[in-house]
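**Student:** quick check, what structure comes out for this input:
(one chain, ligands or ions: 1)
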Amino acid sequence: MTTDTTIKITKITNSNFENINLDDLAFGTVYSDHMFICDYKDGKWQQPQITPYQPMLMAPSSRVFHYGQAAFEGMKAYKDTNNDVWLFRPEENWKRICFSSMRLAMPEIPKEIFMEGLQTLVEMDKKWVIPGKGNALYIRPFIFATQEGVSAAPANQYRFMIICTPVQGYYKNADVKVKISDHYSRAANGGVGATKAAGNYAASFYPTQKANEEGYQQVLWTNSTHEYIEEAGTMNVFFRIGDTLLTAPADERILAGITRKSLLQLAEDANLKTEVRKISVAEVTEAAKNGTLLEVFGSGTAAVIIPITGIGYKGSHWDLPKLENSYATQLKSSLLDIQYNTVEDKYNWTLKIK
Ligand code: COI
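**Tutor:** Have a look, this model is predicted:
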């Protein structure tokens, strides 16, 4: 544990807020005024700090650059019509970053450091939470190895940080077609697929570029034998075949998405038929062929719910129908109602920023 958990705060002198055009934001390009930092060294977490958002100096031999010991989280703060700001299931993000850290041989972040740092930072940068459904302050907690030296072993020094970026939608043109992977994988059995290891995302970029060249925005990731569907791009993925909503179990290869888990709960409570089970490529392509594949959508914090408009597999392509009252629309609306505090949160998922 740390010796002093009081956050040392240095405020910005001139906010950058007035210089930003909040109506035209590319995802993650603009940062709020402050950032949270907490270093780990000598076997313990040091005093946390909040400082103006700024570049930092790092030694070229810092281990994160060489061995990729790094993990992150994605979460959002939402503003309601009373200008109150809310977090959504933040303890789930804390648990998951600790799980990712454990798997990458990094120290777990004490809950009070994560939760206090998060709430204080969001409170300080409240004005950066853009109002309006779909808009939010995207929060990026992350941890990485800072120890100098290129020997391939876990570091003994780390930095945990939180930065924030005001966002609108993640996939702006919302025409997301996916290519079912018959070669590349994002995860391995016994690997780190279930974590938010930075390297999982780096490894996905090249296959995604290849898919882009073929006219697909994202890869529909499959298991090691390419028989079962796992995730879509950086999202969990749901299929509606007939009236059943299907998603794959969050196992050691698949991220246990917080949006995924919330949607499953909302779907069950809306009496939609849901099944969490392995979904084969054959089942999906057969349903696409015979017209029973009615919807496919990705879910994630950044994306919320993104309808997938087409699927490609080994040279064949199927477009998905455009449904009037889709499960995706229904579930997204129920989720946003809770996140933006327009309905009572009977699940106790939201946390108000003081
Ligand atoms: C999120 O949805 O928050 C993620 O972590 C995905 C990220 C690559 C934008």
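
**Student:** nearest residue to the residue in the stretch 51-200 of the chain that the ligand sits nearest to in space, please, no chain neighbours.
**Tutor:** Ranked by Cβ to the nearest ligand atom, the top residue of the stretch 51-200 of the chain for proximity to the ligand is residue 74, at 2.0 Å. (Glycine included, C-beta is placed from N, CA and C.) Leaving aside its sequence neighbours, residue 74 sits nearest to residue 301 (Cβ to Cβ, 6 or more residues apart in numbering; 4.2 Å).

**Student:** pull the contacting residues for that neighbour.
**Tutor:** 74, 75, 76, 138, 257, 258, 259 (Cβ atoms under 8 Å, 6 or more residues apart in numbering).

**Student:** gap between it and the ligand?
**Tutor:** 3 Å (Cβ to the nearest ligand atom, to the nearest Å).

**Student:** same check, this time on residue 292
**Tutor:** With the distance defined as Cβ to the nearest ligand atom, residue 292 ends up 29 Å from the ligand.

**Student:** low-confidence ranges, this protein, go.
**Tutor:** In the predicted model, the chain carries pLDDT under 70 at residues 1-3, 169-174.

**Student:** hmm, back to that, tell me the phi and psi of the residue nearest to residue 74?
**Tutor:** Dihedral angles of residue 301 (phi, psi; degrees, to the nearest 10) stand at phi -60, psi -50.

**Student:** now do residue 38
**Tutor:** Torsion angles at residue 38 (phi, psi; degrees, to the nearest 10) stand at phi -140, psi 120.

**Student:** which ones are touching the closest residue to it other than its chain neighbours?
**Tutor:** In this structure, residue 38 finds its nearest non-sequential neighbour in residue 48, 4.1 Å apart by Cβ to Cβ, 6+ apart. Residue 48 makes contacts with 2, 5, 6, 7, 8, 36, 37, 38, 113, 116, 117, as judged by Cβ under 8 Å, 6+ apart.

**Student:** can you do 6 Å?
**Tutor:** By Cβ atoms under 6 Å, 6 or more residues apart in numbering, the contact set of residue 48 is 7, 38, 113, 117.

**Student:** now it: phi and psi?
**Tutor:** phi -70, psi 150.

**Student:** tell me how many other residues crowd the residue in the stretch 151-300 of the chain positioned nearest to the ligand.
**Tutor:** Going by Cβ to the nearest ligand atom, the ligand is nearest to residue 300 of the stretch 151-300 of the chain, at 3.4 Å. Counted with other Cβ atoms under 10 Å, residues neighbouring residue 300 total 22.

**Student:** got it, and residue 243?
**Tutor:** Other residues within reach of residue 243, judged by other Cβ under 10 Å, total 10.

**Student:** change the start of the numbering to 5 and stick with it
**Tutor:** In the new numbering, first residue 5, that becomes residue 247.

**Student:** so what's it up against?
**Tutor:** residue 277 are the contacts of residue 247 under Cβ under 6 Å, 6+ apart.

**Student:** same deal with the one 3 residues further on?
**Tutor:** Neighbour list for residue 250: 243, 279, 283 [criterion: Cβ under 6 Å, 6+ apart].

**Student:** among these, which ones are in strands?
**Tutor:** 243, 279 (DSSP state E).

**Student:** who wins on neighbours among the contacts of residue 250?
**Tutor:** Within the contacts of residue 250, residue 243 tops the neighbour count with 23 neighbours, counted by other Cβ under 10 Å.

**Student:** if you skip the residues just before and after it, what's nearest to residue 80?
**Tutor:** Once flanking residues are discounted, residue 80 sits nearest to residue 140: 4.1 Å by Cβ to Cβ, 6+ apart.

**Student:** meant to ask about residue 215, not that
**Tutor:** Residue 215 sits nearest to residue 183 (Cβ to Cβ, 6+ apart), 4.3 Å away.

**Student:** swap in residue 297?
**Tutor:** Closest to residue 297 by Cβ to Cβ, 6+ apart is residue 291, at 3.8 Å.

**Student:** for residue 218, same thing?
**Tutor:** According to Cβ to Cβ, 6+ apart, the nearest residue to residue 218 is residue 183 (6.3 Å).

**Student:** ok, the helix or strand encompassing that neighbour: who's next to it in the sheet?
**Tutor:** Per DSSP states H and E: residue 183 is located in strand 180-184. Here strand 180-184 has these sheet partners by DSSP bridges: strand 222-226 (parallel), strand 308-317 (parallel).

**Student:** okay if I get those as CSV plus mean neighbour count and distance to residue 341?
**Tutor:** Formatted as CSV, those follow (neighbours: other Cβ atoms under 10 Å; distance: least, Cβ to Cβ, whole Å):
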stretch, mean neighbour count, distance to residue 341
strand 222-226, 25, 27
strand 308-317, 21, 12
